[in-house]
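A.B. asks: Sequence first, predicted model second:
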Amino acid sequence: MCLKSLTICSFFVLLLQPLLHAQQQKTIIEQINISGNKKTKKAVILRELGFTTGSIVSFKEIEPLLIKARQQLINTSLFLNVSVNNNALTDSTVAINIALKERWYIFPAPVFSLADKNLNLWWRQQKRSTQRINYGMALDYKNFTGHNDNLDIGFQTGYNPSWGIFYNRPNLGKRQQHELGFQFINGKSREVNYASMFDRKSFYKEKRFLRYHTEGRIAYTYRKNIFTRHYFAAGFMLENVADTIARLNPKYLGNGRSKVLYPEFIYRFNYNATNNLLYPLTGKSFVVELLRNGWGNKKHINTTQAKFETGLYFKLFTKTYFNATINGKLILSQQQQPFLMFRGLGYSDKELFRGLDSYVLDGSAYGLLKTNLRRAIFSTTVPAGFLPKAFRKIPFQFYLKGLFDAGYVKNNTAGNNMLVNRMLVTKGFGIDVVSFYDMNITFEYTFNQWKESGLFFRLKFGLQ
């Protein structure tokens, strides 16, 4: 019996030995062939791969390497389609073949935006007033020189006139680990959100301009590897408001001031290993940021803030995904902060408490958990004959989702704001529509613990 068992075991060992040997066998990446990059420089593509010509890998490592390389190339937002595969050249060498379809990089477009933070508030509270519309022109030139650099120039008139310019140039240096950029923004407003009352923005407006805002910033990014970035920025902020605003809320700029000029310093660490930077379904991410405003003079702007965000994304089963993100903020300064520095949740989509879209929650600290259960329901392509031939089929993917958010905001000077200093919970369901050119369309029907509900719509391009 023992001899028979030993014979059977020996048979299976001999049978599996070639397979085990094949998995452990090494191969050399002899060639990396790239096609379809009419504008993008080859060095930019090679920077994302995680391997180079001459790299030695085992056969079992090749497939994960190709998947990761495709994921990184998609995350550059330079390409509509990416294909990465390999073929054997000899018994010990392989060629990696990368086929790309580049995006349309130049976007001269009209600017159309609302003075209100979302469509629902404009539709309901402002009665669809056409006077609260901003309009203008913008030029968004991605991959400006083929090095994945971006140039954005825009202006708008209407309710809140403004103009700005932004440029960043990555992949500098011998190892392409450095990035430089700058931005300048100038704007003015007839209406000022001078305070928060009853958990909503309180506005004061006149026909004349009440607020003038100017900011400038230079930035440097160090990208040690394909997943991590260290971002450093230094700039200035200039705020000038009418005396009326300073009287309505002396804390708006602090100590009843109507004008302040102060420096700003930012450090941000970003780790992102998700399958898609703009609509992740699998992977993980982490961001921590330190923001310093002012020189340290206690009589003027003197604020230090710390923020963080971490996300986990994974596949539950076929076409079904779950993700949870946690973000938080803490003001480290001891003195009472000006209203502009004290803002918490609800002022932008990046810091949105879903189900409380109509509210703002100010405080010195907050924590927010956001979860989504997503199910891919179908995908389709829509013909667009008016576009150039390469872009005449626009893909759309549809996801059905359930959502649950929970958070807490601390405010030691809450006044009549009742949503702070208590645990808040919201839930809902919705549909996400994802397309190329970084477009996400969201429809959400949400409920909060006060039995308020509503349908909310959001349109997002890129990482805005």
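C.D. replies: Done, it's in.
A.B. asks: In stretch 447-459, which residues are buried?
C.D. replies: In terms of neighbour count (16 or more other C-beta atoms under 10 Å), stretch 447-459 has its buried residues at Asn448, Phe456, Arg458. Using the backbone N, CA and C atoms, a C-beta is placed for each residue, glycine as well.
A.B. asks: For the last one, name its beta-bridge partners.
C.D. replies: Right, Arg458. Thr442 (DSSP bridges).
A.B. asks: For it, give me the pLDDT.
C.D. replies: Note for Arg458: predicted pLDDT of 82.
A.B. asks: Just list the residues touching it, thanks.
C.D. replies: Asn118, Asp349, Asn440, Ile441, Thr442, Glu444 (C-beta atoms under 8 Å, 6 or more residues apart in numbering).
A.B. asks: residues contacting the nearest residue to the fourth one once chain neighbours are set aside?
C.D. replies: In this structure, Ile441 finds its nearest non-sequential neighbour in Val433, 4.0 Å apart by C-beta to C-beta, 6 or more residues apart in numbering. Contact partners of Val433, counting by C-beta under 8 Å, 6+ apart, are Phe396, Gln397, Phe398, Tyr399, Asn440, Ile441, Thr442.
A.B. asks: Checking my notes, the fifth one in a strand, right?
C.D. replies: When you say that, I think you mean Asn440. Yes - per DSSP: H, G, I helix; E, B strand; the rest coil, Asn440 lies within a strand segment.
A.B. asks: quick one: it and Leu278 touch, right?
C.D. replies: Yes - under the criterion of C-beta atoms under 8 Å, Asn440 makes contact with Leu278 at 7.0 Å.
A.B. asks: Going along the chain, name the strands of the stretch 151-300 of the chain.
C.D. replies: Counting by DSSP state E, counting those that start in this stretch, residue ranges of the strands within the stretch 151-300 of the chain are 162-172, 178-189, 191-197, 200-205, 211-222, 228-241, 259-274, 283-293.
A.B. asks: most neighbours per residue, which of those strands?
C.D. replies: Neighbour counts (mean count of other C-beta atoms under 10 Å) averaged over each of those peak at strand 191-197, with a mean of 20.
A.B. asks: Which of the contacts of Arg458 scores worst on pLDDT?
C.D. replies: Within those, lowest confidence goes to Asn118 (59).
A.B. asks: got a list of what Gly235 touches?
C.D. replies: Counting by C-beta under 8 Å, 6+ apart, Gly235 has contacts Glu215, Gly216, Arg217, Ile218, Pro263, Glu264.
A.B. asks: Please convert the strands of the stretch 151-300 of the chain to a markdown table, extending it with distance to Met137 and mean pLDDT.
C.D. replies: Listed next are those as a markdown table, based on distance: least, C-beta to C-beta, whole Å; pLDDT from 0 to 100:
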| stretch | distance to Met137 | mean pLDDT |
| --- | --- | --- |
| strand 162-172 | 10 | 92 |
| strand 178-189 | 15 | 94 |
| strand 191-197 | 23 | 91 |
| strand 200-205 | 25 | 89 |
| strand 211-222 | 20 | 96 |
| strand 228-241 | 25 | 96 |
| strand 259-274 | 28 | 95 |
| strand 283-293 | 31 | 95 |
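A.B. asks: Including distance to Arg343, could those strands go into JSON lines?
C.D. replies: Shown next, in JSON lines, are the strands of the stretch 151-300 of the chain (distance: least, C-beta to C-beta, whole Å):
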{"stretch": "strand 162-172", "distance to Arg343": "19"}
{"stretch": "strand 178-189", "distance to Arg343": "16"}
{"stretch": "strand 191-197", "distance to Arg343": "8"}
{"stretch": "strand 200-205", "distance to Arg343": "10"}
{"stretch": "strand 211-222", "distance to Arg343": "14"}
{"stretch": "strand 228-241", "distance to Arg343": "14"}
{"stretch": "strand 259-274", "distance to Arg343": "15"}
{"stretch": "strand 283-293", "distance to Arg343": "12"}
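A.B. asks: And those strands: which comes nearest Asn249?
C.D. replies: strand 191-197 (4.7 Å; C-beta to C-beta).
A.B. asks: Export only the CA atoms of that closest one, formatted as PDB.
C.D. replies: Output of strand 191-197 as PDB, limited to C-alpha atoms (Å, rounded to 0.1, in the frame of the first residue of the first chain):
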ATOM      1  CA  GLU A 191     -22.400  88.100  -3.900                       C
ATOM      2  CA  VAL A 192     -20.500  86.900  -0.900                       C
ATOM      3  CA  ASN A 193     -21.100  83.900   1.300                       C
ATOM      4  CA  TYR A 194     -20.100  85.900   4.500                       C
ATOM      5  CA  ALA A 195     -21.300  83.300   7.100                       C
ATOM      6  CA  SER A 196     -23.100  80.100   7.800                       C
ATOM      7  CA  MET A 197     -26.500  80.200   9.600                       C
END
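A.B. asks: let's have the chain start at 50 instead
C.D. replies: Yes, from this point I'll number from 50; that puts the last item at strand 240-246.
A.B. asks: Lowest mean pLDDT among the helices and strands of this structure, which one is it?
C.D. replies: The helix or strand of the chain with the poorest confidence is helix 51-73; it has a mean of 50 (mean pLDDT, DSSP states H and E).
A.B. asks: what's the following helix or strand after that one?
C.D. replies: strand 75-84 (DSSP states H and E).
A.B. asks: list the helices and strands the first helix or strand past that next one going along the chain packs on?
C.D. replies: Next along the chain after strand 75-84, taking DSSP H and E as the criterion, comes helix 91-96. Packing contacts for helix 91-96, counted by 3 or more C-beta pairs under 8 Å, 6 or more residues apart in numbering; DSSP states H and E, involve strand 75-84, strand 211-221.
A.B. asks: Dump these into JSON lines; add distance to Asp248 as well.
C.D. replies: Converted to JSON lines, those look like this (distance: least, C-beta to C-beta, whole Å):
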{"stretch": "strand 75-84", "distance to Asp248": "54"}
{"stretch": "strand 211-221", "distance to Asp248": "28"}
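A.B. asks: Scan the contacts of Val482 and report the most crowded one.
C.D. replies: Tyr448 (22 neighbours; other C-beta atoms under 10 Å).
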